[in-house]
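>>> Fold the following.
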Amino acid sequence: MSRASRLAKLEQKISMMEEEFREKLVVALRNCAAGRYGLFGQNERVAGLEGHDRWSTDGRELLHMGEQILQARKEIGDTTDFPLYSRFLEYRSRRGANDLGEPKLAKEFLEELNVKTHV
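All right, here's what the predicted structure looks like:
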């Protein structure tokens, strides 16, 4: 297999990974907007919440997926950010006393993505 062929295959894989990230992010945002906490990690320091049925592991999964995408991009020599992942990280970094809670952040992010809160 030629280098160009391998590169094209990897670019296609990255595109599929980015689409999967977006799909999972939208589902996670909708769940969060409906009251499932944990996506933005605002309360990660609170002990005992992980076992709670309203606590999401979506944030960690999306962080892992985003890092995999960045690594794959790096392999093909693309050092640019994955904008959707970068924006997700920006939302996760909000920690001020007057910042919105997770459900409201999720609704804001969905609006930014021009996606309806409910299907």
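>>> got the contact list for the most centrally placed residue in the chain?
The centroid of the chain falls nearest to residue 62 when counting by C-alpha atoms, centre = their mean (4.2 Å). Counting by C-beta atoms under 8 Å, 6 or more residues apart in numbering, residue 62 makes contact with 21, 24, 25, 28, 39, 85, 88. Yep, even glycine has a C-beta here, placed from its N, CA and C like the rest.
>>> Can you tell me the SS state at it?
helix (DSSP: H, G, I helix; E, B strand; the rest coil).
>>> rewinding a little: what about the contacts of residue 62, which one has the most neighbours?
residue 39 (28 neighbours; other C-beta atoms under 10 Å).
>>> Wait, that residue touches residue 103, no?
No. In this structure residue 39 lies outside contact range of residue 103 using C-beta atoms under 8 Å: 9.4 Å.
>>> which residues are in contact with both of these two?
residue 32.
>>> list the helices and strands the longest helix belonging to the chain packs on?
In the chain, with assignment by DSSP state H, the single longest helix is helix 3-33. Applying 3 or more C-beta pairs under 8 Å, 6 or more residues apart in numbering; DSSP states H and E, we find helix 3-33 packed against helix 58-75, helix 83-92, helix 102-112.
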